[in-house]
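Q: The amino acid sequence is not available; the structure is as follows:
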């Protein structure tokens, strides 16, 4: 444990590099877990996908003739 | 794994001819190259089949196909394996090119069409929201980008000014 900010920042970078280097299947599992955690934390205020449901999606304008 | 179920469903939709092609972008796409970042949805860029004689294209066939296979429509999303999935059209020449040049990557035994790292970084620059700038910084710091290819994308798609602004804001030591 240290309070040296440079070492703390380097430690964070190292941790991020380690996460990035994980096998993709493991990273996708983490995505699932992160999303569930985010929904739990955000329930009741920020995440409201159910609101505004409607039967038909809006057409997009084509970018091609 | 739930997100693999999403990818399988989209692959099946492609095999069944509902869409011409697809590629995963956004935070899920970036996770193929970077550390995972929390996101609530999956962005899937597609080319839609348009009705003969119509300039409008609609995601309705996609929604109909997926609803018939257990998907649930919620606003602009369709929920597959508990993930809200948003199907997006190509909105710029850069995104069109990204879709053309998408890579087939292994998502834990499931093939997935994903934007290249350089296209994801350039799209983040083009989109330009705070979270996009943070993602672009992640790409730059990670060392996964082919900087020559990224530079060519920036030039070819008219993003040189945006890149210079980004550099002044985030890559310069000067205040």
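A: Everything's here; your move. Since we're looking at a predicted model, the values are computed, not measured.

Q: Could you measure from the residue sitting nearest the centre point of chain B over to residue B:9?
A: The centroid of chain B falls nearest to residue B:25 when counting by Cα atoms, centre = their mean (1.6 Å). The spacing between residue B:25 and residue B:9, counted by Cβ to Cβ, to the nearest Å, is 17 Å. In short, each C-beta sits where N, CA and C put it, glycine included.

Q: Contact partners for residue B:46?
A: Residue B:46 sits next to B:19-22, B:59, B:62, B:87-89, B:99 when contact means Cβ atoms under 8 Å, 6 or more residues apart in numbering or on different chains.

Q: hmm, 7 Å instead?
A: Each residue near residue B:46 by Cβ atoms under 7 Å, 6 or more residues apart in numbering or on different chains is listed here: B:19, B:22, B:87.

Q: which one of the residues you listed sits closest to chain A?
A: Proximity of those to chain A (Cβ to the nearest Cβ) peaks at residue B:87, which lies at 8.5 Å.

Q: So that closest one belongs to a strand, correct?
A: Yes. Judged by DSSP: H, G, I helix; E, B strand; the rest coil, residue B:87 forms part of a strand.

Q: So what's the residue count around it?
A: By other Cβ atoms under 10 Å in any protein chain shown, the residues close to residue B:87 number 23.

Q: How about the contacts made by it?
A: Applying Cβ under 7 Å, 6+ apart, we find residue B:87 in contact with B:44, B:46, B:59, B:62.

Q: The last one: neighbour count?
A: By the criterion of other Cβ under 10 Å, residue B:62 has 23 neighbours.

Q: Report the contact partners of it.
A: B:13, B:18-19, B:87.

Q: and with 8 Å instead?
A: Counting by Cβ under 8 Å, 6+ apart, residue B:62 has contacts B:13, B:18-19, B:46, B:48, B:78, B:87.
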